[in-house]
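Engineer: Okay, predicted coordinates and the sequence, questions at the end:
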Protein chains: 2
Amino acid sequence: MSPLSQDASSTSPSSVSSDSIKATLLRLVSDYQDMNGTHFQTIEGPPSALEFAKLVHLGRPVLIKGLARSVPAFDKWDAEYLTSALGDQQIGVSVTPDGNADALVEDDDGTTFISEPHSETMSMGDFLEKLKAHSHSEVLYLQSQNGNLRSPDYEETEYAALRDDVPSSFSWASDALGQEPDAVNLWIGGSHSQTSLHKDPYENLYAVLRGSKTFTVLPPTEGVLLGTQLYPHAQYHRSSPTSPLTLVPTFPDSPTTPTVPWTPINPIDETTHTSLYQDFARPITIRVEEGDGLYLPFGWYHFVTQEPGDEGFCSAVNWWYDGDYRGERWSMREMMDRLAREVGWSVRPPGAEEEEDGEESDDDEEDDP
Amino acid sequence: MSPLSQDASSTSPSSVSSDSIKATLLRLVSDYQDMNGTHFQTIEGPPSALEFAKLVHLGRPVLIKGLARSVPAFDKWDAEYLTSALGDQQIGVSVTPDGNADALVEDDDGTTFISEPHSETMSMGDFLEKLKAHSHSEVLYLQSQNGNLRSPDYEETEYAALRDDVPSSFSWASDALGQEPDAVNLWIGGSHSQTSLHKDPYENLYAVLRGSKTFTVLPPTEGVLLGTQLYPHAQYHRSSPTSPLTLVPTFPDSPTTPTVPWTPINPIDETTHTSLYQDFARPITIRVEEGDGLYLPFGWYHFVTQEPGDEGFCSAVNWWYDGDYRGERWSMREMMDRLAREVGWSVRPPGAEEEEDGEESDDDEEDDP
């Protein structure tokens, strides 16, 4: 007898109703909400290593008051200091027409693409001036998120002059997680920039140095409600220095072939909400004020907006620690994602054979910002 | 449109093949094994609170060398001390014909029951003599597991005289788990006693004071391979002090109606192994020697045998800390168990309506020893 057909009971169904599997997924979503609530915890200062280990085990977001104030950059990084420290150094800045980098964008023909921003270089002084002036018709966002301040294989980057103002890690985090960060990133933007809903394969510590950031977050279990679909890939380009940005499909031979899994849900735009999301998701909104920080656990979905501080920009630094794939957590989430695809709530990336490389299909989305 | 029928893709299946769900469950089992291995970790002494918090987060069994040696009872509890400390105090001892307390037993008519042991009272001196002599035709096991040494609502029990030899907790465990134990239990038995495969809703610390214990353990994900079925309940009784033990069904009106979920798998008896278990389960065998201890995480299945020490008995103390139902862990396990029932790999207890009280069905098994 094949193991697949070996059953404990006398009733061995050859099929299971899709509604029954959907009900099981919705029960997972509500069980998680019932057991954990839909709130976030606030702690009055950076935790001890033991406290942080317990918070990581619980896996819920935590507002950490004063986290950014504990970083030397908090006292130093006003516009004058940043401008002077980097001088004529050219830095890479993402440019989009509307502030949606790595987000879904509809082109003139009505095709929705997952778009990457155009990248331009300029001095920090020019960048901060443009953010402050709001005069620029396009939206600028410093969000290179490649370990631009520090990474294990760090080579001197355009931000070398700022590096010593940011600790390589927090000892309580490294002790609790048993590792140093995989990347430390600088982010500077204005009120027009937002980060679309996504997840990262990292334990994330986020410190807001100027302005504020508002995170709308969802637990990993609510990923099944996000209606992940496939979209064709495109990037903003500028054909000459004075031309407007145009969206250029990445694969000219098949420009509209959908290849990238992404969620169409924008938590703050109800027109994007499906009834599945509306009825069952319980997004949590966390406003992180200047000087404070956020612990966002591995795999939590987040959508981020920002408000500038007194000098017209919002700045932040984050520390990414590799998520742990051991224990049950990752294996269980993989199972959950497979079931959501089985019932048609989210799609399987083309060419991803479930039995052969199911993980890679998810990493596509996770590795994006 | 009903949320249940709302789909991301254009293909919305009305049913899912049972084999596909089974394959998803087997993928969970193998993902977990691939990410975690099938080994156990050994540490050379009791951990710090931070180390233990990280071990709890990982959720894998850990052999803790010297754990029992750190407990005052280790130096004190020889047969003479135990006998003298308790004197004429009568203690409750489980009695079975063959050493299987809380286990599946076939009666003369060929019906398999989940059986509870008979309980008799005797002095500690008599009990230890009988264990040592092996002359008794029945198997005795002190395994009351009701917090007989300590519990939050402790009232003086028959073991009051031994209580101060056992710490109420380990500070590293209480600090990491954020709580005191729910129960501290004394266990004394011989080589004929074994504990059948089951799980507990506790983080478990186990210290072996005399003899050795061998734990055969399986991660929670492999619970789907155990073919849980329902069995009628019975208990051993003795009609008069000199009568042999007989198995008496608990419900005379419907003696053979199956009501209790239990697994028929005995890890050390291949005749009980299904091909599903044989092909996919990866049991881990951990021998805990005299003086050492074991951390067994919440929800791990375990089967336990023991070998007596020099004085003819095996003694141990365990600390049960309530498992944490927050985070994703419990909610994910519930989903997994529901799927195993959907495909007929394990059965749903009668009367348990999935939508109304699915949790209770599992607690039945978990609350048993």
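Structural biologist: Arrived safely.
Engineer: Which parts of the stretch 201-350 of chain A are strands?
Structural biologist: Assigned by DSSP state E, counting those that start in this stretch, the stretch 201-350 of chain A shows strands spanning A:202-210, A:212-218, A:229-231, A:233-237, A:246-249, A:260-262, A:284-288, A:293-296, A:301-307, A:314-322.
Engineer: and residue B:108, which of these is closest to it?
Structural biologist: With respect to residue B:108, and counting by C-beta to C-beta, the nearest of the strands of the stretch 201-350 of chain A is strand A:212-218 at 57.9 Å. C-betas here are computed from N, CA, C, even on glycine.
Engineer: Next, see if that closest one gets close to chain B.
Structural biologist: No. Strand A:212-218 does not reach chain B (C-beta under 8 Å from any C-beta of the partner chain); its nearest approach is 12.8 Å.
Engineer: just stretch A:44-55 next, same as before
Structural biologist: Yes. Stretch A:44-55 comes into contact with chain B (C-beta under 8 Å from any C-beta), by way of A:49-50, A:53-54.
Engineer: can you redo these as JSON lines with neighbour count and pLDDT?
Structural biologist: JSON lines is the format used below for the residues of stretch A:44-55 next to chain B (neighbours: other C-beta atoms under 10 Å in any protein chain shown; pLDDT from 0 to 100):
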{"residue": "A:49", "neighbour count": "20", "pLDDT": "98"}
{"residue": "A:50", "neighbour count": "22", "pLDDT": "98"}
{"residue": "A:53", "neighbour count": "27", "pLDDT": "98"}
{"residue": "A:54", "neighbour count": "23", "pLDDT": "98"}
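Engineer: and of those, the nearest to chain B?
Structural biologist: residue A:53 (3.9 Å; C-beta to the nearest C-beta).
Engineer: Can you read off the backbone torsions of that closest one?
Structural biologist: phi -60, psi -40 (degrees, to the nearest 10).
Engineer: go on, residue A:29?
Structural biologist: Backbone torsions of residue A:29, given as degrees, to the nearest 10, read phi -60, psi -50.
Engineer: Next, the contact list for it, please.
Structural biologist: Counting by C-beta atoms under 8 Å, 6 or more residues apart in numbering or on different chains, residue A:29 touches A:221-222, A:224-225, A:280-281.
Engineer: Can you get me a residue count around residue A:310?
Structural biologist: Residue A:310 is flanked by 10 other residues according to other C-beta atoms under 10 Å in any protein chain shown.
Engineer: next one: the one 5 residues further on
Structural biologist: For residue A:315, the count of nearby residues is 28 (other C-beta under 10 Å).
Engineer: swap in residue A:145?
Structural biologist: 18.
Engineer: Could you look up the SS state of it?
Structural biologist: Look at residue A:145: counting by DSSP: H, G, I helix; E, B strand; the rest coil, its state is coil.
Engineer: Okay, it and residue A:338: tell me how far apart.
Structural biologist: Distance of residue A:145 to residue A:338, computed by C-beta to C-beta, to the nearest Å: 28 Å.
Engineer: which stretches of chain A aren't confidently modelled?
Structural biologist: Where chain A drops to pLDDT under 70, the residues are A:1-12, A:135-136, A:154, A:349-369.
Engineer: Need the nearest residue in space to residue A:72, chain neighbours excluded.
Structural biologist: The spatially closest residue to residue A:72, leaving aside those adjacent along the chain, is residue A:165, at 4.8 Å (C-beta to C-beta, 6 or more residues apart in numbering or on different chains).
Engineer: Got phi/psi on that neighbour?
Structural biologist: The phi and psi values for residue A:165, taken as degrees, to the nearest 10, are phi -80, psi 0.
Engineer: ok so, going back, can I get the residues of stretch A:44-55 next to chain B in TSV with distance to residue A:68 and secondary structure?
Structural biologist: Below are the residues of stretch A:44-55 next to chain B laid out as TSV (distance: C-beta to C-beta, whole Å; DSSP: H, G, I helix; E, B strand; the rest coil):
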residue	distance to residue A:68	secondary structure
A:49	20	helix
A:50	23	helix
A:53	22	helix
A:54	22	helix
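Engineer: which one among these gets closest to residue A:21?
Structural biologist: Nearest to residue A:21 among the residues of stretch A:44-55 next to chain B, with distances taken as C-beta to C-beta, is residue A:54, at 33.7 Å.
Engineer: still on that earlier bit, can you redo the contacts of residue A:29 as a markdown table with distance to chain B?
Structural biologist: Formatted as a markdown table, these follow (distance: C-beta to the nearest C-beta, whole Å):
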| residue | distance to chain B |
| --- | --- |
| A:221 | 6 |
| A:222 | 11 |
| A:224 | 10 |
| A:225 | 9 |
| A:280 | 7 |
| A:281 | 11 |
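Engineer: What is the nearest of those to residue B:157?
Structural biologist: residue A:221 (42.3 Å).
Engineer: residue contacts, the closest one?
Structural biologist: Under the criterion of C-beta under 8 Å, 6+ apart, the neighbours of residue A:221 are A:28-29, A:32, A:336, B:328, B:331-332.
Engineer: again with residue A:313
Structural biologist: A:79, A:128, A:131-132, A:188-190, A:210-211.
Engineer: Most neighbours out of those, which is it?
Structural biologist: Counting neighbours by other C-beta under 10 Å, the top entry in the contacts of residue A:313 is residue A:189, with 29 neighbours.
Engineer: who touches that one in this structure?
Structural biologist: Residues near residue A:189 by C-beta under 8 Å, 6+ apart: A:131, A:140-143, A:306, A:313-314.
Engineer: Let's see that with 10 Å instead.
Structural biologist: When contacts are counted by C-beta atoms under 10 Å, 6 or more residues apart in numbering or on different chains, residue A:189 touches A:93-94, A:99, A:101, A:127, A:131, A:139-143, A:195, A:211, A:213, A:304-306, A:308, A:313-316.
Engineer: With residue A:171 instead?
Structural biologist: Taking C-beta under 10 Å, 6+ apart, we find residue A:171 in contact with A:46, A:48-49.
Engineer: Look up how far residue A:200 lies from residue A:303.
Structural biologist: 13 Å.
Engineer: same question, residue A:126
Structural biologist: 30 Å.
Engineer: Among these two, which residue is more densely surrounded?
Structural biologist: Per other C-beta under 10 Å, whichever of residue A:126 and residue A:200 has more neighbours is residue A:200, with 21 against 15.
Engineer: looking at this, that one is in a helix?
Structural biologist: No. Residue state for residue A:200 (three-state DSSP) corresponds to coil; a helix is not indicated.
Engineer: Can I get the contacts of residue A:29 in a markdown table including distance to residue B:268?
Structural biologist: Putting the contacts of residue A:29 into a markdown table (distance: C-beta to C-beta, whole Å) gives the following:
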| residue | distance to residue B:268 |
| --- | --- |
| A:221 | 37 |
| A:222 | 42 |
| A:224 | 40 |
| A:225 | 44 |
| A:280 | 45 |
| A:281 | 47 |
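Engineer: ok, and the most crowded of those?
Structural biologist: residue A:225 (28 neighbours).
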